[in-house]
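K.L.:
give me a 3D structure for the following:
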Amino acid sequence: TFISFARDGAPVRRIEAGTATLTPGGWNLTDAKSWPLSDAPNPEQAARYYETLRIPSDLTREGIRDSFGTPSAIPIWELPAFIAQLERAGFSARRHLVWFHMELALPAFMVAMLLIGAGFTMRHTRVSRTGLMVLYAIMLGFGLYFIRNFAQILGENGQMPVLLADWAPTLGAIGLALGLLLHFEDG
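P.N.:
So this is what the prediction gives:
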């Protein structure tokens, strides 16, 4: 259903179509019926039927997708249904899917950060280089955060599978932190 409006907000024309396909430059409608609403006393009597009809538009798939906003604007418990709805409508939900899995992996990533902090700082204070160890922990934490964001961008662009982009940095960080803890504690 398409409804055209005048500048003052009054409806001018209504179009019902069997199918509508968005192509560059406009909509291609099939089995369409158009009713003039502004200048006809009886819109049904003045209605016209079209096998195919083209409505010019500067709307694009990317413009529609971007109008949905950022994935962070949608509550996480509503994201699976929103992703399914996007895919049913024929749009790519990759950006939302990556965001959803990144949010699911976030608690495990925070555990990895905690383990990294523990691995570098849980030492006797009499041991020298405590300040250096704290600096290493901070630098490694920022480095892993950068790698996580870089993997997210690769996942959103389709250059990396979604699950690999979301979970590999987190699981790698946990493995690195556990290895670091075992190395420092057991020598």
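K.L.:
and the helices in the chain?
P.N.:
61-67, 79-88, 94-121, 130-156, 162-186 (DSSP state H).
K.L.:
just the C-alphas of the second one, formatted as PDB.
P.N.:
Taking Å, rounded to 0.1, in the frame of the first residue of the first chain, the C-alpha atoms of helix 79-88 are listed here in PDB:
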ATOM      1  CA  LEU A  79      17.000  -8.400  19.200                       C
ATOM      2  CA  PRO A  80      16.300 -12.100  18.200                       C
ATOM      3  CA  ALA A  81      12.800 -11.200  17.000                       C
ATOM      4  CA  PHE A  82      14.000  -8.100  15.300                       C
ATOM      5  CA  ILE A  83      16.800 -10.000  13.500                       C
ATOM      6  CA  ALA A  84      14.300 -12.600  12.400                       C
ATOM      7  CA  GLN A  85      11.900  -9.900  11.200                       C
ATOM      8  CA  LEU A  86      14.700  -8.200   9.200                       C
ATOM      9  CA  GLU A  87      15.700 -11.400   7.500                       C
ATOM     10  CA  ARG A  88      12.100 -12.200   6.600                       C
END
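K.L.:
angle of it against helix 94-121?
P.N.:
Following axes from the mean of the first three to the mean of the last three Cα atoms, to 10 degrees, one obtains 140 degrees for the angle between helix 79-88 and helix 94-121.
K.L.:
can you give me the buried ones in helix 79-88?
P.N.:
Neighbour-count burial for helix 79-88, counted by 16 or more other Cβ atoms under 10 Å, picks out 79, 82, 83, 86. The way it works is simple: take the backbone N, C-alpha and C, and place the C-beta from them, glycine included.
K.L.:
next one: the third one
P.N.:
Using 16+ other Cβ under 10 Å as the burial criterion, the residues of helix 94-121 that qualify are 94-102, 105, 109, 112-113, 115-117, 119-120.
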